[in-house]
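> sharing a model prediction with you, sequence too.
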Protein chains: 2
Amino acid sequence: MSQNFPWWLDVSDDAEMVISQRSDDEGRQAWLRGVAADVARQDRSSSAERAADILRRSITEGALRPGAQLSEVELTEVLDVSRNTLREAFRLLTHEGLLVYKLHRGVFVPELDEQDVVDLYRLRRVLEVDVVRELADRPTELPEERLEPLEADVELAEAAALDGRWAAVGTANMRFHRHLIGLADSHRLDEITGRLLAELRLLFHVIATPQELHEPYIARNRGILELLRERKYEQAADDLQVYLLDSEQGLLKAFEAR
Amino acid sequence: MSQNFPWWLDVSDDAEMVISQRSDDEGRQAWLRGVAADVARQDRSSSAERAADILRRSITEGALRPGAQLSEVELTEVLDVSRNTLREAFRLLTHEGLLVYKLHRGVFVPELDEQDVVDLYRLRRVLEVDVVRELADRPTELPEERLEPLEADVELAEAAALDGRWAAVGTANMRFHRHLIGLADSHRLDEITGRLLAELRLLFHVIATPQELHEPYIARNRGILELLRERKYEQAADDLQVYLLDSEQGLLKAFEAR
DNA sequence: GAGTAGGGATTGTTGAACAATCCTGCAAGA
DNA sequence: TCTTGCAGGATTGTTCAACAATCCCTACTC
């Protein structure tokens, strides 16, 4: 394996850190199972998927800027895979909206504009608000522990905000919304949301001031979480609707000021 | 090019037939432009995409049944492309939900079940109903001609019903919903819908009686179209909501009786 | 300065080769 | 009879090298 990674591939994985902190007996069992599943998934994933993982992180963490072209030969050497495998990885990321193909020209990190903001937020509003609203109609009441991932995300965002790590705040906020959608137990909804949020993340990279973009929503996320705890789903849905409209306006304003 | 196509690749294209029936002067102009665009698009698409087109039709028209495995060597000969290109076509269709990969086992036409019906219809309801409801809030009123494709779809379904061509009725109904979503002018919404309807089509193939599955909705499609014409968007949205719930129930019942 | 012809770089596609994995059938043992 | 283990044959996963097609840039012509 090639060792001279370019600077933008040198990314650290924070997700596993969180898991490994659990150390009680029952926790260790769960942790071992998790690792086993992780390793199994690693083994069961193809080279293309592993390459895609690396590229995905490089893009979502902002190392590869919108508009940048990804050269096949260069990445072939860096990632140590063949061109065919690399192109399969490209296809995977294309499907997620993180890359775009231009025939005979290559793959590029897409450059999104105001219209994309409007488009993305329209979908977010419809889907997320509906998920929350539907929680009231569940045949069985939502178990308390289903909200734990949301709690963890909010806490992570709060902690990151104290240290001024605004990119991490943005990540945690994203994860909050992903977990929120997850409450619907819809495989397709999860997939669609994953793509929407990935594209949204591309938009964040054109913004100069991540603090004012992310900070206000930490408290609002907690507010929605509390409403969910109290099973006030209608109010949570209404709040979320306004929340997302505000967030859209904030992004659009940042675009204008750019 | 190999000439001994297996039976299931021998599919006719009904879409172009319909277009070519137009023969008035203005129509011919439009038709020529359409063909030119088609050819240009054809030339601008890669071999993988062309191969994917053929496979997509074979699947959506039911020639390739759910559960069927697609052999690489066989399709390599039939489609006259290399294995690498074919695999790229597989990836494309996998992303549309029309194929599933099983590592080291190959690609298969997915077999959907009742849970998928519920999942798909949940998304359809949220998205379609919202599109209709939003039409009331458009800054500029929806131009009359935007409804023409919907009118054409309904007429096509009515004509096909008279001849008892229920598969064609199903196709026309599908296209109606796709055009309905198209009124939102959202690129992402179009894409998501395209995938949802393709998967839905997969489900239709396990149904024994297509008539009672499609026939009731011809009139209801026309009903919704008329409401859109009269700009009664709220009522259209409400009707559509009930419509989709009924449709879901019909599919679930057909599943049970299978 | 505008248009155009080349040439170098990049992508699109192919075919062959080998490795890894899965499936099938058979035989040995309980 | 049923299970277990083991070939080996078939299929998929991955790589490589080569060539074709296309694009982009530059230099040239007028």
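Structure's in. What do you need? Note that the structure is a prediction, hence the values are computed from the model and not measured.
> is it true that A:Val117 lies in a helix?
Yes: judged by DSSP: H, G, I helix; E, B strand; the rest coil, A:Val117 forms part of a helix.
> around DNA strand C, which positions in the stretch 51-200 of chain A sit nearby?
For the stretch 51-200 of chain A, the contact set with DNA strand C under CB under 7 Å from any atom of the strand comprises A:69-73, A:83-84, A:87, A:101, A:103-107. All C-beta spots, glycine's among them, are computed from the backbone N, C-alpha and C.
> most surrounded residue in those residues?
A:Val107 (24 neighbours; other CB atoms under 10 Å in any protein chain shown).
> and the residues of the stretch 51-200 of chain A next to DNA strand C, which of them are in strands?
In this view, these that belong to strands under DSSP state E are A:Gln69, A:Leu70, A:Tyr101, A:Gly106, A:Val107.
> just the residues you listed now: which is nearest DNA strand C?
Relative to DNA strand C, the closest of these is A:Gly106; by CB to the nearest atom of the strand it sits at 3.3 Å.
> so how far is A:Pro143 from the closest one?
Taking CB to CB, to the nearest Å as the measure, A:Gly106 falls 48 Å from A:Pro143.
> likewise for A:Ala159?
26 Å.
> who's more crowded, those two?
Set A:Ala159 next to A:Pro143 and count neighbours by other CB under 10 Å: A:Ala159 wins out with 13 against 8.
> most widely separated two among the ones in strands among the residues of the stretch 51-200 of chain A next to DNA strand C?
A:Gln69 and A:Tyr101 (11.4 Å; CB to CB).
> what do these two both touch?
A:Val107 (CB atoms under 8 Å, 6 or more residues apart in numbering or on different chains).
> for the stretch 101-250 of chain A, what lies in contact range of DNA strand D?
Checking the stretch 101-250 of chain A against DNA strand D by CB under 7 Å from any atom of the strand, the hits are A:Leu103, A:His104, A:Arg105.
> name the SS class of the closest residue to DNA strand C within the stretch 151-258 of chain A, please.
Nearest residue of the stretch 151-258 of chain A to DNA strand C: A:Leu202, at 19.6 Å (CB to the nearest atom of the strand). Classification of A:Leu202 by three-state DSSP places it in helix.
> now the ones in strands among the residues of the stretch 51-200 of chain A next to DNA strand C in a markdown table, with pLDDT?
Below are those laid out as a markdown table (pLDDT from 0 to 100):
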| residue | pLDDT |
| --- | --- |
| A:Gln69 | 91 |
| A:Leu70 | 92 |
| A:Tyr101 | 91 |
| A:Gly106 | 90 |
| A:Val107 | 93 |
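> list the contacts for A:Glu72?
Per CB under 8 Å, 6+ apart, neighbours of A:Glu72: A:Arg83, A:Leu86, A:Arg87, A:Gly106.
> so what's the last one closest to, chain neighbours aside?
With CB to CB, 6 or more residues apart in numbering or on different chains as the measure, A:Gln69 is the residue that lies nearest to A:Gly106, at 5.4 Å, once sequence neighbours are left out.
> what residue ranges in the stretch 101-250 of chain A score low on pLDDT?
In the predicted model, the stretch 101-250 of chain A carries no residue with pLDDT under 70.
> tell me the phi and psi of the residue in it positioned nearest to DNA strand D?
Using CB to the nearest atom of the strand, the closest approach of the stretch 101-250 of chain A to DNA strand D is made by A:His104 at 3.7 Å. With angles defined as degrees, to the nearest 10, A:His104 sits at phi 70, psi 10.
> mind listing the helices for the stretch 101-250 of chain A?
Secondary structure of the stretch 101-250 of chain A (DSSP state H, counting those that start in this stretch): helices at A:114-134, A:148-162, A:166-182, A:187-204, A:210-214, A:216-229, A:233-256.
> ranking the ones you listed by burial, who's on top?
Ranked by mean neighbour count, those are led by helix A:166-182 with a mean of 21 (mean count of other CB atoms under 10 Å in any protein chain shown).
> with just CA atoms, put it into PDB.
The C-alpha coordinates for helix A:166-182 follow below in PDB (Å, rounded to 0.1, in the frame of the first residue of the first chain):
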ATOM      1  CA  TRP A 166     -17.700  24.300  14.700                       C
ATOM      2  CA  ALA A 167     -17.200  21.800  12.000                       C
ATOM      3  CA  ALA A 168     -17.700  19.100  14.600                       C
ATOM      4  CA  VAL A 169     -20.900  20.900  15.600                       C
ATOM      5  CA  GLY A 170     -22.100  20.700  12.100                       C
ATOM      6  CA  THR A 171     -21.400  17.000  11.900                       C
ATOM      7  CA  ALA A 172     -23.200  16.300  15.100                       C
ATOM      8  CA  ASN A 173     -26.200  18.400  14.000                       C
ATOM      9  CA  MET A 174     -26.300  16.400  10.800                       C
ATOM     10  CA  ARG A 175     -26.300  13.200  12.700                       C
ATOM     11  CA  PHE A 176     -29.100  14.400  14.800                       C
ATOM     12  CA  HIS A 177     -31.300  14.900  11.800                       C
ATOM     13  CA  ARG A 178     -30.300  11.500  10.400                       C
ATOM     14  CA  HIS A 179     -31.200   9.800  13.600                       C
ATOM     15  CA  LEU A 180     -34.500  11.800  13.700                       C
ATOM     16  CA  ILE A 181     -35.400  10.400  10.300                       C
ATOM     17  CA  GLY A 182     -34.300   7.000  11.500                       C
END
